[in-house]
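Novice: Predicted model and sequence follow; I will ask about them next.
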Amino acid sequence: MQKAQVTVFIIIGLVLMVSVGFVIYFAQKRVAGVEEVLFVPPEAKPVHDFVTNCIDITARDALQLLGAQAGFISIPPIIAKTPLSYIPLDRSGSFKTPLWYYEGEDRVPSLQDMEREMNEFVADRLKGCTREFGPFAQFTIAEQGNVSVQTTIAEDDVHVRVTWLLLLTKGQTTTAIREYVVREPVRLKKLWETAKAIMDAENRGSFFENLTIDWMSANPEIPMNGFEFSCKTRRWKIPEVKKELQTILAINLPYVRVKNTQVPPFLAKPSAYRDLAKARERMLKNFEAGQTLEQQKLPPDPGDAYEFFKMTIDAGAPVSDLIAGFTYQPEWGMSLSAQPNDGQRLSSNTGRGTSNLLRFFCINQWHFTYDVIYPVRVVLRDDSAFTNAGFLFSFGFPVLIDNNAEDRVNFGIQKFQDVPATKEFCGEFGNQLADIRATGTVVGSAFATELEGANITYKCFTELCDLGKTRADGGVYRLRTYLPKGCVNPLITASKDGYLSATKPLVGDKVKLDLKRLTKVNTSVVVHPYYLPEKRFLSQLQKVTGLQNLFVHVVLKNSTFEQIVALPGNETALEFLTGKGEYGIDAILSVGGEQIGGYRNERLKISAEDIAGAKEVVVHVVEFRPHPRTDNEKIDMTNFLFANKEYVEELKPEFR
């Protein structure tokens, strides 16, 4: 009897459990790896789903802001009010990517900071999303207490748990709902960890500073260190140098890879690059032992070795399928200054040999140091997020170069003046309006006329300003412009291709500069062998052979106009005044760096008839045979070139 009673009670208990199961709705969400069950009465399910959907919407909005704003939902005022501490993504500055490093300060938000901001964002906006539960007029819905949000940034997703007590009354029945859970499928923690690893690696190793310096050094349009044999001063405009660097960065930075992330494959297997690294070490040892490059066997270059060794950053990031990219846009700005400068220009130093034999050798040397700051925007992508819809996480950091070297310790953007001093000088105009004209003859006319398109520059002590070009104005060609203030009687220079530049001081408000026209002719060479032991010319003439080199230097007397050409070479043309002129000409013929002859004429007079219609100038030079080897033979050659007046006239350059 007792056994039968126990059986009846068990059956009754099972029936009650099944009944409860029919009237209770089970809502399940996984939180922190644990399956969490929320018990929702079926009559409250539509309202519960509605609130849960609002939580999902506001949480996704919060995540999008976190991703776009370097982990900040609300950008701190200290960043928002400091334009150089963020990257402006639009002209108005409404959209910003904060820098995670600024003036030596680490500004990386922690995971706890991001969770806290998400809590506040969802709590502040959830009620607005529900619109006072307008779609549920059948209920009287009463809020009990405040909205409480707890966000957890887990390994593979983000969980948002909301506590908000709502009492739903319909007729005589009141139902309470309190707990809501949303899971957002985005790997925010892994994105943040990878981003922080990149930032830490950059702060430790100055990867992007060194890469930028490499690119600057390899670009001939960005002068750093160099020299050339030329008597013409090399000049570069700082704004053009800056523009060139901005272009290089915009093009090349997207090709930087992050190790252990999903990157485009390299052209060869990893073993090929390991072989190259070993070969480099071996070559360095062999060079120290005296071997030349030709004596060493090199492994084949896959074609992207530079990208492998120089454009791949090992940040110590965990292996993942995340994608990382780096960008720079010129409109984000750049601070660049270079020293030494003469305002907006960089100029080489020109030196000339002191001996008579070497005086026509001019060496242009330059060494400039740069201070550069520009921002880099890093974007990491999780393509699997939100059911393969994808998610982006971005942040920025500054690249800091001080005196051609990386400096990430305490080198601040405030130390820079983006605008060189001369730009300020040239931009401050006074009330003086100048009328500047350039005149010169044109082809087919013997009379000087006003020239169009002549470049006009203004010099006041060390300050140099480009004023513009002459153009049609009131029936004449001229440049009318206000002048920079603060200078009395500045020097005005007019220059134009095909003309000799002219400079005059500006006295009053008008100046006319007379430019002498130049005639450009090709250069050819005739070599006259001279048998030194018998002191006589040999009968056969020849051209410069493949082993020989000839330097020809021409200077217009009483001017700074000088030219040098090298044969063989790509540019062998020389320019002479279209009218008469007196020149000094020096030529040196050499083999393997040793002089074997030449020509020298300190007073070469060229008439208008000589140059009229000429297409070519023939330079005659002496080749001494046998080639001088001893000191005495070299002295004899030098004496002939400098003291023998007869050959100077006999081998005078001729125009054809």
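Specialist: That came through, no problem. Numbers count the residues shown, from 1 in each chain.

Novice: these two touch, right, Ile79 and Ile87?
Specialist: No - the criterion here is C-beta atoms under 8 Å, and Ile79 misses it with Ile87 at 11.0 Å. Every residue, glycine included, has its C-beta placed from N, CA and C.

Novice: Give me the below-cutoff pLDDT ranges for the stretch 101-250 of the chain.
Specialist: 229-231 (pLDDT under 70).

Novice: out of Ile79 and Ile87, which sits in the more crowded spot?
Specialist: Shown here are Ile79 and Ile87; by other C-beta atoms under 10 Å, Ile87 has more neighbours (25 against 18).

Novice: Report pLDDT for that one.
Specialist: Looking at Ile87, its pLDDT reads 94.

Novice: what's the next secondary structure element after whatever helix or strand it lives in?
Specialist: Applying DSSP states H and E as the criterion places Ile87 in strand 86-88. Going down the chain from strand 86-88, the next helix or strand is strand 96-98, by DSSP H and E.

Novice: residue ranges with poor pLDDT in the stretch 501-650 of the chain?
Specialist: For the stretch 501-650 of the chain (pLDDT under 70), the answer is 546.

Novice: Do you have the helices of it handy? List them.
Specialist: 608-611, 631-643, 645-650 (DSSP state H, counting those that start in this stretch).

Novice: Tell me which of the ones you listed lies nearest to Gln365.
Specialist: helix 631-643 (26.8 Å; C-beta to C-beta).

Novice: Partner strands of the strand holding Ile87 and their direction?
Specialist: With DSSP bridges as the test, strand 86-88 is paired with strand 96-98 (antiparallel).

Novice: Can you list the buried residues in the partner strand?
Specialist: By neighbour count on 16 or more other C-beta atoms under 10 Å, the buried set for strand 96-98 is 96-98.

Novice: Go ahead and name everything in contact with it.
Specialist: Here strand 96-98 makes contact (C-beta atoms under 8 Å, 6 or more residues apart in numbering) with 68-70, 72, 75, 79-80, 85-89, 107, 377, 394-396.

Novice: how about a cut-off of 6 Å?
Specialist: With contacts defined as C-beta atoms under 6 Å, 6 or more residues apart in numbering, strand 96-98 is touched by 70, 75, 79, 86-87, 377, 394, 396.

Novice: try stretch 366-377
Specialist: 87, 97, 223-226, 326-328, 332, 334-339, 346, 348, 396-404, 413, 416.

Novice: And the strands in the stretch 551-656 of the chain?
Specialist: 562-567, 574-577, 581-591, 594-606, 616-625, 654-655 (DSSP state E, counting those that start in this stretch).

Novice: Name every strand pairing with the fifth one and say which way it goes.
Specialist: Looking back up the chat, that one is strand 616-625. strand 516-531 (parallel), strand 594-606 (antiparallel), strand 654-655 (antiparallel).

Novice: pLDDT on the shortest one, on average?
Specialist: pLDDT averaged over strand 654-655 equals 94, rounded to a whole number.

Novice: Pro264 - how many residues pack around it?
Specialist: Pro264: 9 surrounding residues under other C-beta under 10 Å.

Novice: So for it, what's the pLDDT?
Specialist: As predicted, Pro264 sits at a pLDDT of 89.

Novice: Tell me how far it lies from Val256.
Specialist: In this structure, Pro264 and Val256 are 11 Å apart, going by C-beta to C-beta, to the nearest Å.

Novice: Please apply the same query to Val372.
Specialist: Look at Val372 and Val256: by C-beta to C-beta, they are 17 Å apart.

Novice: can you check Val554 too?
Specialist: Remark: distance between Val554 and Val256 (C-beta to C-beta) = 49 Å.

Novice: Same check on Trp164?
Specialist: 46 Å.

Novice: same deal with Gly598?
Specialist: 52 Å.

Novice: The two: which has the busier surroundings?
Specialist: Gly598 (24 against 21).

Novice: That one contacts Asp586, correct?
Specialist: No - judged on C-beta atoms under 6 Å, Gly598 makes no contact with Asp586 at a distance of 7.3 Å.

Novice: Can you report how many residues lie near Thr572?
Specialist: Neighbours of Thr572 under the rule other C-beta under 10 Å: 16.

Novice: now do Gly468
Specialist: Close neighbours of Gly468, defined as other C-beta under 10 Å, add up to 15.

Novice: The one 4 residues further on too?
Specialist: Counted by other C-beta under 10 Å, the residues lying close to Ala472 total 10.

Novice: Apart from its chain neighbours, what residue comes closest to it?
Specialist: Spatial nearest neighbour of Ala472, excluding adjacent residues (C-beta to C-beta, 6 or more residues apart in numbering): Glu452 at 6.8 Å.

Novice: Am I right that the one you found is in contact with Arg478?
Specialist: No - the criterion here is C-beta under 6 Å, and Glu452 misses it with Arg478 at 9.6 Å.

Novice: Find residues that contact each of these two.
Specialist: Common neighbours of Glu452 and Arg478 (criterion: C-beta under 6 Å, 6+ apart): Thr470.

Novice: For these two, indicate the residue with more neighbours.
Specialist: More crowded of Glu452 and Arg478, by other C-beta under 10 Å: Arg478, with 23 against 14.

Novice: Identify the residues contacting that one.
Specialist: Per C-beta under 6 Å, 6+ apart, neighbours of Arg478: 435, 437, 470.

Novice: do that again at 8 Å, thanks
Specialist: 435-437, 450, 470-471.

Novice: hmm, which of those are the buried ones?
Specialist: Buried, going by 16+ other C-beta under 10 Å: 435-437, 470, out of the contacts of Arg478.

Novice: now, which of those residues lie within helices?
Specialist: If you go by DSSP state H, those have nothing in helices.

Novice: what's the closest of those residues to Asp61?
Specialist: Within those, the smallest distance to Asp61 is 59.6 Å, found for Thr470 (C-beta to C-beta).

Novice: Give me the longest helix you can find in this structure.
Specialist: Counting residues, the longest helix found in the chain (DSSP H) is helix 45-68.

Novice: Could you chop the protein up by domain?
Specialist: Under the assignment automatic domain parsing, the domains of the chain span 28-72+111-184, 190-267+303-421, 428-514, 518-655.

Novice: where exactly do the helices run in the stretch 51-200 of the chain?
Specialist: Secondary structure of the stretch 51-200 of the chain (DSSP H, counting those that start in this stretch): helices located at 77-80, 111-130, 188-205.

Novice: a markdown table please, covering these and showing distance to Gly427.
Specialist: Formatted as a markdown table, the helices of the stretch 51-200 of the chain follow (distance: least, C-beta to C-beta, whole Å):
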| stretch | distance to Gly427 |
| --- | --- |
| helix 77-80 | 30 |
| helix 111-130 | 44 |
| helix 188-205 | 36 |
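
Novice: which of those is buried the deepest?
Specialist: Mean neighbours per residue, mean count of other C-beta atoms under 10 Å, is largest over the helices of the stretch 51-200 of the chain for helix 188-205, with a mean of 20.

Novice: quick check: angle from it to helix 111-130?
Specialist: With axes from the mean of the first three to the mean of the last three C-alpha atoms, to 10 degrees applied, the angle from helix 188-205 to helix 111-130 works out at 140 degrees.

Novice: right, and the helix or strand after helix 188-205?
Specialist: Downstream of helix 188-205, the first helix or strand assigned by DSSP H and E is helix 207-218.
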